[in-house]
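In: A structural model of the following input is requested.
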Amino acid sequence: RKGGGESIAMTAPVVMENGAGGEGDDKMKKMMFMLPAEYDSMSKIPKPINPAVHIEQIPSEVGVVHRYNGRWNDEINRQVAKNLGDQLVRDGVAGIDEGFVMDNFQFWGYNPPYTLPHFRRNEVWLKLNDDQVNLLKEKFPTVPEGGLVCCSS
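Out: From the prediction side, this is the model:
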């Protein structure tokens, strides 16, 4: 609110993704905040005061998520993303390899930093293309209520 700007409530998730650059601390990151529903058009969003903050409209995408609780950091997120990629390979999803996963995963955090780790909701998200989504839908069909269709005994 410095300088008389409009204050916007914090929303979840906060999204972090790798940016172009080197490994480790030298690698630039992009942090994204979702805006509340009342900002349903670009014209309603207040102009940022900080020149490093940019407003973008991001098209909807489909992907896969691994949800976990506890602490998070870059190393944990990379390992969770790698495990997610390994599972997709075992499921027969084409076009997934470690390089693709490491370059394209996002971390989604849902809780304030003071939340006890056991109660934190963390997610690693990876975008899929239509063919990959269709393969997983065929392999793991769902019923309308959202439960998995499984085997009969």
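
In: The nearest residue to residue 9 once chain neighbours are set aside: which element?
Out: Once its chain neighbours are removed from consideration, residue 9 has its nearest residue in residue 36; the separation is 5.9 Å (Cβ to Cβ, 6 or more residues apart in numbering). Backbone N, C-alpha and C define where each C-beta goes, glycine included. Remark: residue 36 resides in no helix or strand, with elements defined by DSSP states H and E.

In: Would you mind listing where this protein has pLDDT under the threshold?
Out: For the chain, applying pLDDT under 70 flags the ranges 1-4, 19-28, 143-153.

In: try it again with 80
Out: 1-11, 18-29, 142-153 (pLDDT under 80).

In: for it, longest helix please?
Out: Of all segments of type helix in the chain, defined using DSSP state H, the longest is helix 74-90.

In: Buried residues, that helix. List them.
Out: By 16 or more other Cβ atoms under 10 Å, the buried positions in helix 74-90 come out as 77-78, 80-81, 84-85, 88.

In: just checking, next helix/strand downstream of that helix?
Out: Proceeding C-terminally, helix 74-90 gives way to helix 98-104 as the next helix or strand, assigned by DSSP H and E.

In: Contacts for that next one next, please.
Out: Applying Cβ atoms under 8 Å, 6 or more residues apart in numbering, the external contacts of helix 98-104 come out as 18, 78, 81-82, 84-85, 126-127.

In: Go again with 6 Å.
Out: The contact list for helix 98-104 (Cβ atoms under 6 Å, 6 or more residues apart in numbering) reads 81, 85.

In: got the CA positions of that helix in CSV?
Out: Listed in CSV are the C-alpha atoms of helix 98-104, where the atom choice follows Å, rounded to 0.1, in the frame of the first residue of the first chain:
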residue,chain,number,x,y,z
GLU,A,98,13.9,-35.9,-16.7
GLY,A,99,15.1,-32.8,-18.7
PHE,A,100,11.5,-32.0,-19.7
VAL,A,101,10.2,-32.4,-16.1
MET,A,102,13.0,-30.3,-14.6
ASP,A,103,12.6,-27.5,-17.1
ASN,A,104,8.8,-27.4,-16.9
